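>>> After the sequence you'll find the predicted model.
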Protein chains: 2
Amino acid sequence: MTARPRTRPTATPPLTRPGQALERVLQGAEAAIRRGRKFQQVLNGARDIFLARGYEGASVDDIAREAGVSKATLYAYFPDKRLLFMEVAKAECARQAEEAVKLIDQNAPAREVLTEAARRIVAFLTSEFAQKVFRICVAEADRFPELGHEFYHSGPLLVQQRLVEYLAKAVARGELAIDDLPFAADQFAALCKVTLHEQVIFGVADCCPPKMADQVVRGAVEMFLARYGVRPASA
Amino acid sequence: MTARPRTRPTATPPLTRPGQALERVLQGAEAAIRRGRKFQQVLNGARDIFLARGYEGASVDDIAREAGVSKATLYAYFPDKRLLFMEVAKAECARQAEEAVKLIDQNAPAREVLTEAARRIVAFLTSEFAQKVFRICVAEADRFPELGHEFYHSGPLLVQQRLVEYLAKAVARGELAIDDLPFAADQFAALCKVTLHEQVIFGVADCCPPKMADQVVRGAVEMFLARYGVRPASA
DNA sequence: TGCAAAGTGAACTGATCGGTTCAATATCAT
DNA sequence: ATGATATTGAACCGATCAGTTCACTTTGCA
């Protein structure tokens, strides 16, 4: 234990090679906060550890190790653990939003549109990623009020807005009859959570049988159309 | 720090076989767990602190102080913090179950029964108590798988079972037409969570406007009947 | 009244963790 | 090459916390 030959065979994760062209390119469009090369590494490591162990369960040393970065570097970027967590959560919410934005052909028949929407919502809800983010957000909503809001706005609320957007068109076309669009959208989203969400959150179902997912999707569409669908004029 | 007499005759946990008159009396009806007078105090204090601060946030010293009991006594009853938490959570779930059991007159018209059921579910979901238990259970479902199961079984699953019980009768009477009873029950429960649950969980809504609660209740009943209600034979 | 069990308080251990510091080193633009 | 900047590793601090121990006091029954 004298010379410390700096054995660092795999110390730095291969996320960013020495050639930092990518980094510099990103600098332009992104914020001016990125003070150094290891910024993204820190964020990635933090995301992995936070997602795996929650806020309290994730130690800063673990994060630094996972990120392949020294603790000093980490603290050079983020003044404290709280802020690091907020940053990670915000980034993840943004990603979630992007995913949700890819919506569906608004002009297809209502049944098709709703079925596809339900399928995507169900798929997202049952994804491991969504579960973990949800878990942390629920647990830490007391400690980080902003986090709760952030998650709600870029999660459930965003979905609601997209649905309202579509439902309005469907109503205008006479396919549906809805008076309170946001409320109806929330109902639809709620119907997509049936059974699955609770079972997954509480670890009751080991896996998520696609059969049940199908049933939920079909059930949601069926019920929504039963309530808001315009029958063919009793012809 | 030399002799270390190692006197452990009492072996802290007072498993107390002999000499407990009161103890023995209680043993009959109650469980065989109540080993001493302060047992309930510990449980109550633990419940308050856990509910207020979550698992990690609650220190054993705080719990002992809140319970008006020495830490030694606390550890005499519960070998560790985990088990204490499990015990508290179990007790709370049982209480929740009792509350839910008080169901409704099964023979009233479907609309009335469903409305009252929805009202109770909504009231429970928006209660501060339910929120806190839910928050902890979600957060700790990883660390305590049993806890997740316990909560699910004495919470959502119990409600589902009661609803199925009723729905079966309503179907038999020809008021409703349902093929998959448990699934329909889950759908109904999901409809009761619309908007409210998410807003409350993520701290978006400061209070819980009773107007919205009413809307959710009426919306749930309306939609459920639209889907499963038996129309008056198109007369 | 006496005695054993129940309960107490306070100190202590060992470990973890968030955050700081700093001298040594690596990287990169010039 | 050179100097500015980013990064490192490791030691360290202070705080917190779960859990232990023990001499002592209280309680309740016989």
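Sure thing, it's come through.
>>> What values do phi and psi take at the residue nearest to residue A:118 when sequence neighbours are not counted?
Closest residue in space to residue A:118, ignoring its immediate chain neighbours: residue A:217 at 4.4 Å, by Cβ to Cβ, 6 or more residues apart in numbering or on different chains. Just so you know, the C-beta spots here come from the backbone N, C-alpha and C atoms, and that holds for glycine as well. As for residue A:217, its main-chain torsions (degrees, to the nearest 10) stand at phi -60, psi -50.
>>> quick one: contacts for residue A:217?
A:115, A:118-119, A:122, A:192 (Cβ atoms under 8 Å, 6 or more residues apart in numbering or on different chains).
>>> residue contacts, the residue nearest to the spatial centre of chain A?
For chain A, the residue nearest the mean C-alpha position is residue A:96 (3.4 Å; Cα atoms, centre = their mean). Residue A:96 makes contacts with A:124, A:130, A:133, A:154-155, as judged by Cβ under 8 Å, 6+ apart.
>>> one more time with 7 Å, if that's ok
Residues near residue A:96 by Cβ atoms under 7 Å, 6 or more residues apart in numbering or on different chains: A:154-155.
>>> Spell out whether the host helix or strand of it and DNA strand D are in contact.
Using DSSP states H and E, residue A:96 falls within helix A:81-101. No: shown here: helix A:81-101 not in contact with DNA strand D (Cβ under 7 Å from any atom of the strand), separated by at least 12.2 Å.
>>> Tell me which residue in chain A sits closest to DNA strand D.
Relative to DNA strand D, the nearest point of chain A is residue A:36 (2.5 Å; Cβ to the nearest atom of the strand).
>>> how many other residues sit next to that residue?
13 (other Cβ atoms under 10 Å in any protein chain shown).
>>> Can you tell me the SS state at it?
Secondary structure, DSSP: H, G, I helix; E, B strand; the rest coil: residue A:36 is coil.
>>> Tell me how far it lies from residue A:78.
Going from residue A:36 to residue A:78 by Cβ to Cβ, to the nearest Å gives 12 Å.
>>> Residue A:50 now?
12 Å.
>>> Point me to the residue of chain A nearest chain B.
Proximity of chain A to chain B (Cβ to the nearest Cβ) peaks at residue A:139, 3.2 Å away.
>>> which residues touch whichever strand or helix holds that residue?
Assigned by DSSP H and E, residue A:139 belongs to helix A:128-140. Contact with helix A:128-140 is made by A:50-51, A:54-55, A:92, A:124, A:147-148, A:151, A:200-201, B:135, B:138-139, B:201-202, as judged by Cβ under 7 Å, 6+ apart.
>>> any idea which of those residues has the most stuff around it?
Taking other Cβ under 10 Å as the neighbour criterion, residue A:151 ranks highest of the contacts of helix A:128-140 with 28 neighbours.
>>> pretty sure that one is touching residue A:92, no?
No: at 8.9 Å, residue A:151 and residue A:92 do not qualify as touching, with contact defined as Cβ atoms under 7 Å.
>>> Below-threshold pLDDT in chain A: ranges please.
By pLDDT under 70, the weakly predicted segments of chain A are A:1-35, A:100-103, A:206-208, A:232-235.
>>> ranges for the helices of it?
Along chain A, counting by DSSP state H, helices occupy A:21-29, A:39-57, A:60-67, A:71-77, A:81-101, A:110-125, A:128-140, A:145-154, A:156-172, A:181-193, A:196-201, A:210-228.
>>> Among the ones you listed, show me which one is buried the most.
Highest mean neighbour count of those: helix A:181-193, a mean of 23 (counted as mean count of other Cβ atoms under 10 Å in any protein chain shown).
>>> Break chain A down into its domains, please.
Following automatic domain parsing, one gets these domains for chain A: A:30-78, A:91-228.
>>> mind putting the ones you listed in a markdown table, distance to residue B:74 included?
As requested, those are arranged in a markdown table below (distance: least, Cβ to Cβ, whole Å):
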| stretch | distance to residue B:74 |
| --- | --- |
| domain A:30-78 | 22 |
| domain A:91-228 | 25 |
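>>> which one of the ones you listed lies closest to residue B:72?
Closest of the domains of chain A to residue B:72 is domain A:30-78, at 26.6 Å (criterion: Cβ to Cβ).
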